[in-house]
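**Student:** this one's sequence-less:
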């Protein structure tokens, strides 16, 4: 017997067995006494939560009081001038001080 014929025989046998079992299951379901299903419904509880309200404290004005006028009085004139190195850059001596961010960015963007 060829394997394809054998597979067909098995498929038909399985199909017949499943159909017979389904018929039996459906007949049992139809003949069995019906049970009344009672669902209980619990209505949702209404809680009175107020909508979001911002806090009564005005944080912006509080910070302004703490900082006073110092935060508002700084300008770019108060910043330190940019560092211009003095020394011998060829031999690795750049002098003392700090570099400004514009100078650092200028060195990074030279490529």
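**Tutor:** Sure, I can see it. Keep in mind that this is a model prediction, so the values were computed, not measured.
**Student:** drop to CA atoms for contacts and neighbour counts, all remaining ones
**Tutor:** OK.
**Student:** quick one: the helix or strand harbouring residue 60 to chain centroid distance?
**Tutor:** For residue 60, the host element (DSSP states H and E) is helix 59-67. When distances are taken as C-alpha atoms, centre = their mean, to the nearest Å, helix 59-67 is centred 33 Å away from the chain's centroid.
**Student:** just stretch 38-58 next, same as before
**Tutor:** With C-alpha atoms, centre = their mean, you get 26 Å for stretch 38-58.
**Student:** distance between the ends of that stretch?
**Tutor:** 55 Å (C-alpha to C-alpha, to the nearest Å).
**Student:** report the buried residues of the helix holding residue 60.
**Tutor:** Of the residues in helix 59-67, none count as buried by neighbour count, 16 or more other C-alpha atoms under 10 Å.
**Student:** run through the protein and note the low-pLDDT ranges.
**Tutor:** 49-50, 55, 69-74, 82-90, 92-97, 99, 109-111 (pLDDT under 70).
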